[in-house]
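Trainee: Model the structure of this input:
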Amino acid sequence: MTDAQVVAFRNGLNHPWGLAFLPDGRMLVTERDLRQLRLVSADGATLSAPITAGLPAIRSGGQGGLLDVALDPDFTSNRRIYLSYAEGTDAANGLAVWRAEVEADYSGLRNGTRIWRTNQPADGQAHYGGRLLFDGSGHLFVSVGDRLSDATRVQAQNAGSDLGKILRLTTDGAPAPGNPAISGGVPGLWSLGHRNPQGLALNPANGQLWEAEHGPQGGDEINVVGAGLNFGWPLVSFGCEYGAPPDTCTVVGGATGRPGLTAPLTHWTPSIAPGGIAFYSGDKFPGWQGSLFVTALADRSLWRLTLSGNTVTGRERLFAGQGKRLRAVYQGPDGWLYLLTDEDAGQILRVQR
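Mentor: Predicted coordinates for the structure are as follows:
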């Protein structure tokens, strides 16, 4: 779409990772490395002082820190938010989810409690996953990465480990009703065989959960995540081990598919490093309605996927000239698209006319 343009909506953020629109149009934004929240006015003109009171003990470093933020479906009455973050020590750290209430003046949080934490902390500073998303029933999807190492990535196929999984929880952190029955499955298990899922979105046409995840050297994926499905990592992949010659290497697992494992709808090689994703249903860009937008960190662009049901019919690379590592994308209540840039001098960008 030639008349779409990207403008700087808000500067002055440090590695913003997640954003939640408040009922009045303001935004809560996480800053990963600084382990704090910021409040942005609906017009982008005002950025609050750092919000740190009431946050949990957060471990920053590498890909860890304060990650996503999501509003409770009943936020207007209970003022609850949910945060994903890294916690622990150098030798044993992992993803956790914090629930708390926002003070009326947004100066801090109160009544905070950790509702979930990984059952397999590990060393390293990568592949936490960490995306949060409420479904239409008021239950919380949590994406959990495989933690990258050879020793931990195999746990993506172990139903008893929460590494390399997507979970579906109640607002208290318990397994949500209606989850699939998977033998030996960790509480809350929804799907398995994921590598580093950092994008979750519900298709407004049918409520299906869609997901984006990082492949290794190539093989970044878009998936429709049904209950109980196994997406194959690391038994199958469209990508190779890091450092292998990309033109001649063998894919991880030795195959791109096997019976009983779910194949991606589309994949990228070379890697684009996908972040957050969002469906567009607004009225500002009629030609984009029904499209799935995918942010790219390494590729520094925004991808638009055109769909026919669950078939990807086209892929369009947008705004590559911005040169920004794009972490996440959101449809705002005003119908524009909003992007987060993953940089020391991070920004909220707006896609508008």
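Trainee: Over stretch 254-264, what's the mean pLDDT, rounded is fine.
Mentor: For stretch 254-264, mean pLDDT is 98.
Trainee: Would you mark the buried spots in that stretch?
Mentor: For stretch 254-264, the neighbour count (16 or more other Cβ atoms under 10 Å) marks 256, 261-262, 264 as buried. Glycine gets a C-beta too; all of them are placed from N, C-alpha and C.
Trainee: And the furthest pair within those residues?
Mentor: Spatial extent of the buried residues of stretch 254-264 (Cβ to Cβ) is set by the pair 256 and 262 at 12.2 Å.
Trainee: quick revisit: same list, the buried residues of stretch 254-264, but as JSON lines with secondary structure and distance to residue 337 please.
Mentor: Formatted as JSON lines, the buried residues of stretch 254-264 follow (DSSP: H, G, I helix; E, B strand; the rest coil; distance: Cβ to Cβ, whole Å):
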{"residue": "256", "secondary structure": "coil", "distance to residue 337": "32"}
{"residue": "261", "secondary structure": "coil", "distance to residue 337": "33"}
{"residue": "262", "secondary structure": "coil", "distance to residue 337": "29"}
{"residue": "264", "secondary structure": "coil", "distance to residue 337": "24"}
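Trainee: Which member of the residues you listed is positioned nearest residue 139?
Mentor: Once Cβ to Cβ is applied, the member of the buried residues of stretch 254-264 that ends up nearest residue 139 is residue 262, at 21.4 Å.
Trainee: OK, contacts around the residue nearest to the closest one when sequence neighbours are not counted?
Mentor: The shortest distance from residue 262 to any non-neighbouring residue, by Cβ to Cβ, 6 or more residues apart in numbering, is to residue 229 (4.6 Å). For residue 229, the contact set (Cβ atoms under 8 Å, 6 or more residues apart in numbering) comprises 191-193, 262.
Trainee: so which of the residues you listed comes closest to residue 121?
Mentor: residue 192 (18.8 Å).
Trainee: doesn't residue 156 make contact with that closest one?
Mentor: Yes: counting by Cβ atoms under 8 Å, residue 156 is a contact partner of residue 192 at 6.3 Å.
Trainee: Give the residues shared as contacts by those two.
Mentor: Counting by Cβ under 8 Å, 6+ apart, the common neighbours of residue 192 and residue 156 are 164-165.
Trainee: Could you grab the helix/strand/coil label for residue 142?
Mentor: strand (DSSP: H, G, I helix; E, B strand; the rest coil).
Trainee: And the residue nearest to residue 262, how far from residue 243?
Mentor: As judged by Cβ to Cβ, to the nearest Å, residue 229 and residue 243 stand 30 Å apart.
Trainee: ditto for residue 82
Mentor: From residue 82 across to residue 243, the span is 37 Å (Cβ to Cβ).
Trainee: These two: who's more crowded?
Mentor: More crowded of residue 82 and residue 243, by other Cβ atoms under 10 Å: residue 82, with 23 against 8.
Trainee: Give the bridge partners for the more buried one, please.
Mentor: residue 70, residue 99 (DSSP bridges).
Trainee: Which pLDDT value goes with it?
Mentor: Per-residue pLDDT puts residue 82 at 99.
Trainee: repeat for residue 2
Mentor: pLDDT, residue 2: 64.
Trainee: element containing residue 281, please.
Mentor: Residue 281 belongs to no helix or strand when assigned by DSSP states H and E.
Trainee: so it makes contact with residue 291?
Mentor: No: using Cβ under 8 Å, residue 281 makes no contact with residue 291, being 9.5 Å away.
Trainee: and the two? which has more neighbours close in?
Mentor: Set side by side, residue 281 and residue 291 show more neighbours around residue 291, with 19 against 14, by other Cβ under 10 Å.
Trainee: which stretches of the stretch 151-300 of the chain have low pLDDT?
Mentor: Across the stretch 151-300 of the chain, nothing is flagged by pLDDT under 70.
Trainee: now the helices for the stretch 101-250 of the chain?
Mentor: Using DSSP state H, counting those that start in this stretch, the helices of the stretch 101-250 of the chain run over 150-153.
Trainee: neighbours around the spatially closest residue to residue 326 that is not a sequence neighbour, how many?
Mentor: Nearest residue to residue 326 in three dimensions, chain neighbours excluded: residue 295, at 3.8 Å (Cβ to Cβ, 6+ apart). Using other Cβ under 10 Å, residue 295 is surrounded by 30 other residues.
Trainee: Give me the residues contacting the helix or strand hosting residue 295.
Mentor: Assigned by DSSP H and E, residue 295 belongs to strand 292-296. With Cβ under 8 Å, 6+ apart as the test, strand 292-296 has contacts from 199, 201, 210, 212, 222, 272-280, 302-305, 307, 326-329, 337, 339-340.
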